[in-house]
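> Pasting a predicted model and its sequence here:
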Amino acid sequence: MKNKLFLLAAFVIFSIASNAQSVQLQFKNQFNGAPLSFDQLYQTPIGDSVKFSTLNYFISNIELVDKKGNSYKVPQDSSYFLLKHQNDSSKTISLSNIPAGKYQQLVFTIGVDSVRNTLDVSRRTGTLDVGAAARGMYWVWNSGYIFFKLEGKTINQVDSLRKNFRYHIGGYGGYDSKTINNIKVRTIPLKSLVVKKGKNPVITIDVAVERFFNSIIPVKILEHPSVMWGDFSVKLANNYEQIFNLGGIKYE
């Protein structure tokens, strides 16, 4: 009897493993539909001439949802990613052991959830290591991760004034007292994503950086050249939530 139970359990594990496939998420940073380049001068929808030097953001807590509303959640310890524009490999997220099925939504967090923000530093390793991979994406003074960082220069074409700008947006709601909460959950419709043997999907997410400046509210850089906290950071978080959209799906 024990042998039969063992064989049955082994068969179930094998069946699940054989039906599990990989899914890739490829994030493509763009400006007006073209690949973003730090060497190029752009004009924002509000009319500022800008040149970017930094674009980093956290993607976490990834889920795939089927038409019945059932979701597969990537195991949380394996679901934190820091994407840096200057690091091409960081912009591809490879997910393994995804159950076979048809999925209609991709859900992810832009930022780092409050639980991880408040865990002991010794338990925040890998991408969340504030002394290594996450260096520069963590506020020591405010004890929290920077969810989205955008930096560069704006050039006033009238008087040739060059002015640095920096947007460091974070805030997870506070630990023992309520603070700003800029954690954003983005849901992207997929229509029908098929995951099965022989079909390993590659989902492209277009990141339309120009929409950072006007998707919800207009952002005039000379009026807000440096934002790291406060009410305007909430408005910026609402803007960047909208810049992530489906670019396409292909199968490998």
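Cool, the structure landed.
> From now on I want contacts and neighbour counts done on CA atoms only, so please keep to that.
Will do.
> Point out where the stretch 101-250 of the chain drops to low pLDDT.
142, 157-161 (pLDDT under 70).
> burial count for Pro75?
11 (other CA atoms under 10 Å).
> What residues are bridge-paired with Tyr42?
Val50 (DSSP bridges).
> Next one: Pro99, what pLDDT does it get?
The confidence metric pLDDT takes the value 94 at Pro99.
> Do you have the strands of the stretch 51-200 of the chain handy? List them.
71-73, 80-84, 92-98, 101-110, 138-139, 144-156, 161-170, 184-195 (DSSP state E, counting those that start in this stretch).
> Looking at those, which is nearest to Ala20?
Proximity to Ala20 (CA to CA) singles out strand 92-98 among the strands of the stretch 51-200 of the chain, at 4.6 Å.
> Against which helices or strands is the closest one packed?
strand 21-31 (3 or more CA pairs under 8 Å, 6 or more residues apart in numbering; DSSP states H and E).
> returning to what we had before: can the strands of the stretch 51-200 of the chain go into CSV with extra columns for mean neighbour count?
Shown next, in CSV, are the strands of the stretch 51-200 of the chain (neighbours: other CA atoms under 10 Å):
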stretch, mean neighbour count
strand 71-73, 16
strand 80-84, 21
strand 92-98, 16
strand 101-110, 20
strand 138-139, 18
strand 144-156, 21
strand 161-170, 19
strand 184-195, 18
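> Make TSV from those strands and add distance to Lys51 to it.
Listed next are these as TSV, based on distance: least, CA to CA, whole Å:
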stretch	distance to Lys51
strand 71-73	37
strand 80-84	16
strand 92-98	24
strand 101-110	24
strand 138-139	24
strand 144-156	5
strand 161-170	10
strand 184-195	26
